[in-house]
Each structure stands twice: as structure tokens, then as C-alpha cells.
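[1] model this:
(4 chains)
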Amino acid sequence: MSLTAETPTTTSQDHVEGTSLPDLLYSDVEEDLRSSVRALVTARSPWSDVLARTEAEERVDVDLWARLGRDLGVLGLPVAEDRGGAGASWREVAVVAEELGRAVAAVPFLGSAVMATAVLDRIGATDLLEGLAEGAVTAALLIPFGQLAGNTWRSTCTRDGDTVSGTVRSVADARVADVLLVPTQDGALVQVAVDQEQVTRTPVVSLDETRPLVDIVLDRAAAELVAADASSAVEHATVVGAAVLASEQLGVAEWCLQATVGYLQDRRQFGRTLASYQALRHRCADLWVQVTQARAVARYAAACAAEDSPDLPVAASLAQALCSDVAVHAAEECLQLHGGIGFTWENPVHLYLKRATSSALALGSPHAHRSKLGRLVNLPAPLPEELP
Amino acid sequence: MSLTAETPTTTSQDHVEGTSLPDLLYSDVEEDLRSSVRALVTARSPWSDVLARTEAEERVDVDLWARLGRDLGVLGLPVAEDRGGAGASWREVAVVAEELGRAVAAVPFLGSAVMATAVLDRIGATDLLEGLAEGAVTAALLIPFGQLAGNTWRSTCTRDGDTVSGTVRSVADARVADVLLVPTQDGALVQVAVDQEQVTRTPVVSLDETRPLVDIVLDRAAAELVAADASSAVEHATVVGAAVLASEQLGVAEWCLQATVGYLQDRRQFGRTLASYQALRHRCADLWVQVTQARAVARYAAACAAEDSPDLPVAASLAQALCSDVAVHAAEECLQLHGGIGFTWENPVHLYLKRATSSALALGSPHAHRSKLGRLVNLPAPLPEELP
Amino acid sequence: MTAPAPPQTPAEARRLVTAFLADHDPRGGDDLEFLRARFDAGLARVSWPHGLGGLGASSALDGPVDDAFAAAGAPDNRPHSNIIGLGMAAPTLLAFGTPDQQHRWLRPLWTHEDVWCQLFSEPGAGSDLAAVATSAVRDGDDWVVNGQKVWTSLAHESRWALLVARTDPKAPKHRGLTYFVCDMDAPGVDVRPLRQITGETEFNEVFLDDVRVPDDQRIGEVGAGWRVTQGTLMNERVAIGGATPPREGGPIGTLAQHWREHPEDRTAGLHDEVLRLWVDAEALRLTSARLTQQLLAGQPGPEGSGAKLAYASLAQRTSAAELGVLGGEALRYDDWTARRPVVGDLAERTPGFRFLRAKANSIEGGTSEVLRNIIAERVLGLPGEPRADRDTPWEDLPR
Amino acid sequence: MTAPAPPQTPAEARRLVTAFLADHDPRGGDDLEFLRARFDAGLARVSWPHGLGGLGASSALDGPVDDAFAAAGAPDNRPHSNIIGLGMAAPTLLAFGTPDQQHRWLRPLWTHEDVWCQLFSEPGAGSDLAAVATSAVRDGDDWVVNGQKVWTSLAHESRWALLVARTDPKAPKHRGLTYFVCDMDAPGVDVRPLRQITGETEFNEVFLDDVRVPDDQRIGEVGAGWRVTQGTLMNERVAIGGATPPREGGPIGTLAQHWREHPEDRTAGLHDEVLRLWVDAEALRLTSARLTQQLLAGQPGPEGSGAKLAYASLAQRTSAAELGVLGGEALRYDDWTARRPVVGDLAERTPGFRFLRAKANSIEGGTSEVLRNIIAERVLGLPGEPRADRDTPWEDLPR
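    Purely as a prediction, here's the structure:
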């Protein structure tokens, strides 16, 4: 299959629908949702458990994952009620992602509750959707996690009758998936149950072991057709994934800022708290400014996804370009201002640095998203250099 | 004429002659030279005079220019004694440039004593060289000041018998030149006396009025052939110009750092000196680190010019890429840390900001020099984007 | 008589405008009479109080009312030529002025009969505004003012000035200040243009030599000048949360347009920088929009300082990128003549002008360093710098 | 007997090596005997004193001597495996040790019989090293040491450690410290691996529980530990001014090579970043070379702190660019197992490892913030931060 390339427009003004912008604040409902999720992850996923799990046999927090579905019912938020969902929107999904990011929780939310859900919802695959929304089934979209969202990409998986074959490297959130959603070379989407010999999942030593990757080989695996023409649905799902990932990155950045400020207030050097040093305070202030910007663009991306706005591709790439850099920078500042202790394994900072770094590369690096924006808003690349 | 494009090499290792580097320190002779020049410009070119001259009829400090030639004899430093020069090298020229930069002195040193001298020395045009070295004649190389040093460039000036015609915009150091050295479309170099009707010099409102530009129109101006094939000499002269300009930029940066440190020690806010604020001190420390790097690369570029090293194109572009940014940043920090007073006309900071900014654009912007380095050291540009 | 209920919705506000316009021809010719009538009808700014140009409505309705008048072709009060009057003097008078003072000054201020300026900064009191040395000494019903102010925009066009002066040099610096309104036509007021690095004379120095200010032009109590000043400056920052411009509405628009129209100026390094600036400009636009939404929702946030900090950096980087894109052409400037700036001139001038002018963005209205201090202390709750000057009599402080 | 005159030129130094090699077969098989003989001949480091492995020559001749031995295929003393011994312990012993101490420790140190480490940092004393809490109490001819040290590289392989401990808690923090050499095999020394964010255990925590240190292992006077420590740390910084690597000799080389070999990974934004890093790497290389030239010319400059600051930033930016160039492939790591690092492993591992390891560059050996303080104070002459802890007894300081 081929995800169609974004269509360039003549001027960026075409993207501006007047000056009216969606609501960028958090609603009361969203704040309640945030409180529930935060209460759950605080109780069930303290960072020491997250750290221990990065070297445990079972990398995914299946208990937390089950509770998110069963107890909180936040896995089907964007799905209509008549399809088994909660009838909310991607805005609420983004709030959940923010809290899961803040806790670097090891659950396949982005893969199953965002991207797999988005593609199935777009296609209208109601049966599978219901399972996902209830938390009974976990699914993963079979794309390399580093693939630029929504961009030209050709799957190498091929269909042959009711089977599918192919190799996909570095797939996220597939470690505990029951079902793989496989885009194929001919533009279709098929579903593959993992409990068959023809599916091999090889764990990858991942930069971020709180979202461990696998390499997947399908060797004439039994496959069921979901949709014959799923190109645009897959493209849409990855763009929604990028939009929601920005909120997760925001949560990471917020934790890092908060941890840094707290540490500076506690730790003493030369008989004074670190917070009493102006150079360090100014760095926190700059970081705070960046976090406020990350919040605004992440909210805008979530709102565009919720409204299915034509500006969604711009909003998603904007959010990825900005929030990726902010989250990484926040984690780097958090480590640096913690000094040596922040460089040790037995401190949570590295979990956030690794999550921030791998999230920045996921679904396209900030460089790739900026290049894409150049095409979307008509800021073209230079002409090729004339050779001498 | 066409300056030949730089030849790419297969790996940058080709540029490394072992691990031996030239002397990057200042010799005692150079320090003596520095003292003489500094004493002269301190006495003869205080910043208040420089400022007044930016709006005076005569923008160039012809008195200082005469003294540099007559009293100090620093206009023919790189020229061999048997050609009327001092038999020193581009290293010493760079020290003079540093001091002239530190004083934002309004003299055509870069144009006449560096680029015109370099091209004539390369060609071996002894008669003209002697005049330049003595300070009896001032010459300017007729290229747009923004032209990337040493790069592909085609002159639009054409020869017709003993005349030359053409228009060149934004020429530096030509305002008081007696002789114009004109590269022509056919690769020759001709000299044109300015005291003829067929030469029109139109002053340009320049971003840096301490090095004012002119637009020049030659309309069948009487011209004398200097060399029929001068392409490589002109290219070399612009590269030497870029190498020496880096030292001038170093002088600008050094003044800005020194002025900033001095101001912070004097000025009080909230009952304390500004120097007592750690955030400001850290910015000075960062600036100092940058200035030490600018000094090292400027010295290296001067040494490569002095030795006519094959690494000179790399050294010159490296120095321009770095020193341009350092000088501009130093001037910006100087202005910002002076606060409002730094934003006023009656304060020297803006003279340095304008000199730094225009020097950064002169002989190629830092962007252009980095791109050129990419070609020189084999770090190629991306392949052209595939269109969808 | 009880005041009528204020309008609650944009539609209700627009109905009031329609009713007013039925009685007042917006193109009748006498703009001043029209503006005065609009003020008297409470439709100048509907969020202002009854009897003072408003109807006590939500500030969210001010925009729709202005829009409705503009749509009808009504004359406006040239708000961009009286920014300090409308943005700072009016809110200060409303918050701290006596009823007499409000009635005396607000109408001609709003109708643009009187332009206002502020006499705050001094050569020795910039970021440390509470260090002002200009003195005001009581003499009968007047105060006699002496000192030098600086960075005063519009002083040469202004009828009135907000003035902060020291009335008690023996008190600690924040406690010895008093706030006045100064008549700029009074004897002893000398306005001299102050030239900037752009060549322009956007600002002024103002010398005050035995200027008599009647005590009824004092705003707030004697010695309470710092509190009033803080109120004024808070309005300066809130003003940032105004209408959200369209995408590419700021300096990025000029740069993006040039990039689209001049393929020959594009290089790889500049491409990345232009895209980064586009991202940052759009992020700042959305951040400012979110701040406005917070204000309208009654959740005033501290993001204003952050937005100003980010704006200054963005404007400086954008104008620097413009120079880079232009390359050698940017070596040329347009005009160094000392002259007064023209409103809206920024986009018309050379990139060099924008580059130089943007250098002031991180200084004027609170330096970026002071804003970082404010964010660290007030938003993040980190401790402030040790202060040696809080409890010492002003006259004993080192200067 | 008078010592022979030290060699004055590289050629003279090389002649001494040739003469030594005539009597000692460099490939004779017993490396330790060869190294001991080289030490005894004063050719270990010719800049060290007579009788202590050297000939009192200029330090500019140490390199040529090493090169001459290497050219002859002689065994070396594995200097990269004893960096703290050679770079810090040896200079400290030479500057502050007694003749007995120098004769006891320098030869086995140089021959690599004894590896050394330093017991300086503590959980509560990082940048603020003078705050160490580890105590040393006099008991007869010994000192009894108790405390916890951290960030100790090579502790698990070391025979000896440089130790700074508090001998007078009632004195101000800088004045109550004493400097010792601690036997790492002594009872009560417990070395525990400390794991880092890379997964590796490059460093150690060292617990000292009633460790007895004989008084003849004290370096310098009781209470003079801070001065000795400063001497040690100064050597740490001078060590930066070593041999100049070739162009692209550092992390930039790995990045540049990848760029050349993988056209498919190139993008416009990354191109500019790679070129900027190349420029900065070459600038730092030249700056370091200039610093070395200054040192050799007898003009020790303060550039060492600046070079370390710039190196940390460059290493971090370069490894981040590597991740960007690799894109999705950089999501993979190689090995999280807790293990001891291998010298020279950096270029062999994944970009993710280099990215994580580089985070320590701005912390270890003086944080970038401390280095900025040092530059501002010692180079630029700006005032230091107000210090509340200078004159207070250590035991009364808040912790």
C-alpha cells in the first residue's frame, strides 16, 4: 500500500479558517478525567515499579492496562457509543496520554487506544473496535515506529489469498497485542491474530524500555481482510497518533519541569539551596515558557483531531516539531540540574529522558515534521545545488 | 570572468597534514605591532569621532588612513621588501585588522591593504603594489561585498579595447579609492582610475556606515590591463579577505565582551551591581568561551594565508562561519546587557552591532560559508527531495 | 436612576450599536462629535463603568462592539496613536482615580482629544523602576517636580503624562513614591527627542524643571505610588492578550512571503531556520490565543510574561533570518535620518531596520531578564534574589 | 653526586632513549622489568625529577620520549587504564608528598603495578566538594575513617586512593579537611558498583567503615586538605591540554563518516546541523591546540575550563544529531546489562549510548555551571556569588 503524500497548497492562508480557533483550555470534564487517571497511575505505577519493569520479563504493565480499560473505561473515548465507545473525542484521549506520559507508564495506549482505534474507527470496523474499547482486545498497527506520520510510505507486506507475509522492524506496543493490523502493499488492511506459528515477534533492545519495540515477521500468516482500500485511514491514524503523542510529550515535559523545580528547592550547595542561584532559576523560567507553548500546540492538535479539521496535518506536525524538542530539552535540563544523581539508574530522570528521546523519533523526528510542514504550508526546500 | 568553484575532496582527511598545526599564538613582534596600532587608533579614532563620521560628508577617516600608511607603515605588511612592502605576512595583517575592528575604524584597510594587495601580489603587479604599500594609492577590488569568498561568480563587466563597462552594486572600501581593480567577464583584471567621467560612484545608505558601500557604474571607462588571466588570483584575494576579516570580527567581539564586563561592574540595579547577578555572569562566561574559539580559528586562518596552505579555503570558511556568529552574538549580548542605554544612538554599542552584522554578510554569510565547507570537506547536501 | 442592565452577549451588544447608529450618522462628518456621543452612550468600551464610556459589561464584548462600529464605517478613535492612554492611563484612572479625575480625563482620552504618555523610567531607574530619583516636593496646593525621565514614547504629542516621583527620600525606595498626572504643557516640561540605533527618534527624554503639579492631579495616596505603578504595569502585560492575529500575521509573514517569492535566496540551512521560526511563531500565536481564552474564562494566568519573552526572542531571530535570506542585499539600509517613526512602518522598511528595532523588544516594557525573574518567583515559586535595597532609606542606597 | 643536565631538545631526548634501548631489549619479554628500568633511568617522564622517574626536563619533551619508545615497539604502561594515577595522583605526590611517599608510590604507579582512584565526591558534596562529611579521627599512629564516597571510577581495580576527609568539624568547611592516601585493600573499604543511565557501572560508591589509615599516608598538613585538593583538581584541568587529535578525531568523525556513507539519511535541517557541529568541533580542536601551545610556551592560560565547557556541549549536540540522522533506527539500543565499561568502547556502541553517556560530560570533573562561575570570577574578574558558608563551622551549616 502507499500512504498518499500530503498535497501542497499554494499559500498557507488556505489553512486559516478565519481567526476563530478551537477551545484550547481543559474542560471540567477533562480535568475530572485527568484526576481519575492520575490517581490510578500514582497508586499503580510509581516510577520505581516502572524502572524495575524495564528489566523484568514482562515489560508491559498489563495490570495497569487492564485497569485503564476495566476500571476507568478510557480505552474507547473517541469511539461513538453505538460502536461500543464512550462517545467522547480525541481531546479527552490526549488528556489521558498527558497523564500516562507524566508517569512514563508502560502501557500500549498509543498503539492500541490511539492508532489502532483510529484506523478501525475510520474504516468502521465495529466488531474489532468494540473489543478494543472494552479493553478485551489489544491491537497494534504494523508500522515501523519511526515512520513519519501520514507521509508517503510503502508497506512491504504482501497478501496471498488469506495469508500475509512480510517483515516490519521496530514496531511499538505490539509486545502484548492480540491482533496485528497490517497495511499491505496493495493498499488493504488485514488483521492477523498473533497466536499462530506464522507470526514471530522478536523483542528489540529498545532505547525506551517503557515502550519496548519488537521486530515482526509474518510468514504466510492467516489474515482476515479489514478493508480493501485503507490507505487514507492508515494515514489518518498515524496523524492522529502524532497529534496525541504530543500530549504525552507534554506530560513528560511537565513532570521534568516540576521535578527540577522541586529538586532546586531542596538541594543545597555552598550553604544555599540551588534555587537561590539566579542562573538556574532563569533556566527554569525558560523551560516553563516552552512548556506553556507545548501545551498550546498539543491542545490545538488534539482539538483538530477531535473536529477532524482540515488543519489536522499541520497541527499534528507543528505539535510534533515543537513538543518533541521541548520534552527532550526538559528532560536534559532535569538531568543536568540534578547533577550526578540524575545520571544514576536509581533515579527516575533517565526514564523520562529515554521516553522523551524515543518519542521525538517516533512517528517522525522533529526534522522530518518540519520538512513536512514546509510542504504543507508552502515553504519549499531550496532548489538542488548546482554542481560545478 | 568566472572564479572557479572549489574542488571537492573525497574525505576531509586529505586536508590534514599530519597533526602539526601552525603557531596559533601572537609573537612578540605581533604584540608590538598591536600596541602601535592600538595607540594610534585610541588617539585618533575615538568612538565618538567614528559615530560623528557616520553622518559626515566624508565617511572615511582619511587622516587615520594616511597615518596607518605613513606613520606606522602597516599597509604593505604582506608584500615582499623588493616589491615595496614590509616583508611580513598575513599574520601581522590580521593583527592590524583585529585592532581596527576593535575600534570600528572607518578606513579601507580590508579593501585596499588586504584584497587589492592580495590580488596584485599574486599577479606580481609590482608598480601598483608599491603605491598601495606606501599608502600613496588606495585601491578597491570591484566585487559586490556580499559575494561569497572564492566561490563561483561571474563578473558582468566587459572589456572593449582599452575600456571597460559594467555595473557593480554594494562595493566596499571604494569610496576614497584612487584605482578600481575590475575583474572582467573574460577572466582578466584591469585597473581603472576613478578620476574620469566614465566612472560613477553612487553612495549607498549602508547598514554599516563605518564601512560605507558604493554602487559603481563603468561606462566605457579607460582601463589598463593588469593580467589577462586573473581568475585564480581574484579568487585567492577574496579568500584571504575572508581569512583576515575573521580577525577584524574577533576584534569587534573582544571589544563587546570587554565593554559588557565593564558595564556590569559599574551599573547598579536593585541596590547591587549588575555583575552580582549570576545569570548575567554566566552569559559573559559563555561569551568568553566563544571569543577564545574565535581567536583560535582566526589565528589559524591568518596562519594558513601566511603559509599559502592548501587548507586556506577550509580555514577561511571555518573562520568566517564561526567569527561572524560570535561577533554578532557578542554585539547583541553587549546591547542587551546594557539595557536601554545600549539602544541609543549616543552609545558606541550600535556601531559594533552594525559592523558585526554587515561583516557577517560580507564575503558570504555564515550559512554560505557552512555550505561551502560542506563541499570542501565532503559533507554533501541532501539529495533533492522526491516530489510526490 | 438605576443603570440599565449591561449587554450579556455579542448579539445584545450589537443591537445596542445598531440602535445608536440609527440616531447618529457614522458618516455625518464631525468625527469628534460622533465619538463623544458614542462615549456618552456607554458604547466607547462597554466594559467600562456606566457614565464613564461604558455599561459595565464583560470585556469580551468590547471587541464585538468595535467591530460593529467599524462595519458601519464609523470613525474610530485611532487607538494605535494613543496606546499608553487607552492601555495604561485609562485602566489606572479607573482603578485608582477619584470620580472627579475619571470624569475629567477619560472622555477626551478615549476620543483622542488628549494623547497620554508615561514618565516612569529614568537614566538611573530602568528595570529597577522603584529607584526613581525625580523629586516632588509639596508647596501649598501644588507639588514641585524636578528630575529627568527617559524612554518616553509619544511625549512630544502628549497632553498628559502618568508620572511617578519620589516624595520621601528618607523612606525605603518602594515606600517613598507618589503617582501624579502631569500636564505636558506646564512650564518647566522640556521634551527632547532621544535617538535610537535605528536612526529614529521614537522615544524622548523629558526634563522636569520646577514643574508645578496641582495636588488634585495626584493619583492615590502620598507614598502609595509604587502600588499604583504596579497596577499600571499589570495592564501593560494584560494588553498582550488581545485579539489573536491570523496565522503568519506577524514578522514571520514577511519572511515567509519573501521565501515563497524568491527561490534564488533559499539555502538548506536557512530552510530549516525558516521552518523553525514558522513553528515557533505559530506556537506563540496559539499560546497567546490560549492566554486570551483563559482571561475571557476568568482564569487570568501568568502566561503574559512568557508570551512577551517568547515574542522578543522570536522577533529578533526572525529579523536575523531575514538578513540571512537577503544576504548581500541586506548590507544596504534605507534611511538613517533622525525622524519620528510612523505607525505601521515596520513591514515597509528594510530588514536591517526590523533587525535593529527588534533589539528593543527584549528591553522595553520589562527586560527579558526581569521577566525570567518574575516567572521564576511568581509562577514557579522559586526564591527571589537577595535584596539589599528593600528596607534602607532611598537616600542612603549606593548609586 | 650532581645530576646530569636534562635534555633540552627532542633530539637530545631521543638520543637518551636510543642509548637506553641499546642496553634494554624492548621486546625482551618481561614488560614490568623493562618499565622499571625505564623509570630508574629517568625516562618514564623526563619532566619528573631526578630519581623519581625523570630528569627534570621540560614537559614538552615527555611526548617525544613516549613516541620514541613506541616507535621501537617497547611496552607501554597502559596510561589509559590508570588515568587518575598518572594524571592526578602523581602530580599531587610530586607537589605535596614527602620524599618517602614519592619513592614509595611513584614507581609502581608509573609501571602500572598500582592503579589509583580518588575518593573525593560524596552524595552531599558534589560541586561543593569542600562540604565532604567523611570523617577522619586520630587514633595513635592511625586515622580512623568513616563515610561514603561516590562517583569513584576504577575503585574496583585500584590499590590506592586519594582521599579527602574532615578532621575538624568545628572549623569552617574549607579549613577542617585533611588529605590522605588510602589503601583500597584495607579492612572496612567496601566498593559497590554504581549504575548509570547507560546501564553501565562505570563508577562506584565506596563505603568507608572504621578504615585505619596510617598517619604516614597523610599528604600535607592536618587541616590543609583543601589546598592539596585544589592542586589535584588543577592537574585534572591541565590534563585537557594534551596532544591535539587530528581533524574529525572526536565524536564528529563518527557522525561525518555516517553522513558520507548514508546519503539516504540526509535532510536539509540535519545538513546545517552537521556542518555547524563540524565547524564547532574544528574550532574546539584549534582552541585546544592553542591552549597546549600556550602551556608549552610557559603561558598557562585559563582556557582549560572553557575547553571543557565547550567539549561537553559539543559532545551532547553531536550525539543528538547522530540520533536525528539515524531516525527510527535510533529507537534501538544495544545492551542495558549492568557491566563495567571497556576503554575505547564509545565509538563501537550505538548512538543512543553515546547520547546518554555524553550527558555526564557537563557534570563530571566540574559541572558546566561551576565552570561558568570559575570563568566569570577568575578570568573576567566578575564578583563571586555571596557565600554564607565560608566562615561558619562546618558542623553548623544547614544540610
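[2] Could you look up the SS state of the closest residue to C:G306 other than its chain neighbours?
    Nearest non-adjacent residue to C:G306, counting by CB to CB, 6 or more residues apart in numbering or on different chains: A:V289, 4.2 Å away. For glycine as for every other residue, the C-beta is placed from the backbone atoms N, C-alpha and C. Following DSSP: H, G, I helix; E, B strand; the rest coil, A:V289 is assigned to helix.
[3] Relative to C:K308, how far out is A:V289?
    10 Å (CB to CB, to the nearest Å).
[4] of these two, who's got more company?
    It is A:V289, of A:V289 and C:K308, that has more neighbours when counted by other CB atoms under 10 Å in any protein chain shown, with 25 against 22.
[5] Test my guess that that one contacts C:Y311.
    No. A:V289 is not in contact with C:Y311 according to CB atoms under 8 Å; the separation is 10.5 Å.
[6] what residue lies at the spatial centre of chain A?
    Closest residue to the average C-alpha location of chain A: A:L245 at 3.0 Å, with CA atoms, centre = their mean.
[7] check contacts around that one.
    By CB atoms under 8 Å, 6 or more residues apart in numbering or on different chains, the contact list for A:L245 reads A:A97, A:L110, A:V114, A:Q320, A:C323, A:S359, A:A362, A:L363.
[8] What of A:R70?
    A:R70 touches A:G135, counting by CB under 8 Å, 6+ apart.
[9] Spit out the contact partners of the residue lying closest to C:D265 once chain neighbours are set aside.
    Once flanking residues are discounted, C:D265 sits nearest to C:V325: 4.9 Å by CB to CB, 6+ apart. Taking CB under 8 Å, 6+ apart as the contact definition, C:V325 lies against C:L255, C:H258, C:W259, C:H262, C:D265, C:R266, C:L270, C:V274.
[10] count of residues packed around the first one?
    So the one you mean is C:L255. By the criterion of other CB under 10 Å, C:L255 has 26 neighbours.
[11] next helix or strand past the worst-scoring helix or strand of chain A on mean pLDDT?
    In chain A, the helix or strand scored least confidently by mean pLDDT, DSSP states H and E is strand A:268-269, which has a mean of 88. Remark: after strand A:268-269, the chain's next helix or strand is strand A:272-273, criterion DSSP states H and E.
[12] who's in contact with that following strand?
    With contacts defined as CB under 8 Å, 6+ apart, strand A:272-273 is touched by A:L264, A:Q265, A:D266, A:R267, C:P383, D:A388, D:D389.
[13] try 10 Å
    If you take CB atoms under 10 Å, 6 or more residues apart in numbering or on different chains as the criterion, strand A:272-273 is touched by A:263-267, A:280, C:382-383, C:386, D:128, D:385-389, D:398.
[14] Would you mark the buried spots in the longest helix belonging to chain A?
    What stands out as the longest helix in chain A, according to DSSP state H, is helix A:231-266. For helix A:231-266, the neighbour count (16 or more other CB atoms under 10 Å in any protein chain shown) marks A:231, A:233-257, A:259-261, A:263-264 as buried.
[15] Check stretch C:98-112 too.
    C:Q101, C:Q102, C:R104, C:W105, C:L106, C:R107, C:P108, C:L109, C:W110, C:T111, C:H112.
[16] List the contacts of the third one.
    By CB under 10 Å, 6+ apart, the contact list for C:R104 reads C:L93, C:G97, C:T98, C:V181, C:D216, C:Q217.
[17] Please apply the same query to A:G161.
    A:R220, A:A222, A:A223.
[18] Return the residues in contact with the second one.
    Put plainly, it is A:A222. With CB under 10 Å, 6+ apart, A:A222 has these contacts: A:G161, A:D162, A:T163, A:V164, A:V190, A:Q191, A:V192, A:A193, A:Q196, A:Q198, A:V199.
[19] Against D:T18, how distant is A:Q293?
    67 Å.
[20] Ok, A:A331 next?
    56 Å.
[21] Between those two, tell me which one has more neighbours.
    Between A:A331 and D:T18, counted using other CB under 10 Å, A:A331 has the larger neighbour count: 28 against 11.
[22] The more buried one sits in which helix or strand?
    Assigned by DSSP H and E, A:A331 falls in helix A:312-338.
[23] for chain C, what helix or strand is lowest in average pLDDT?
    Across the helices and strands of chain C, mean pLDDT, DSSP H and E gives its lowest value to helix C:225-238, namely a mean of 80.
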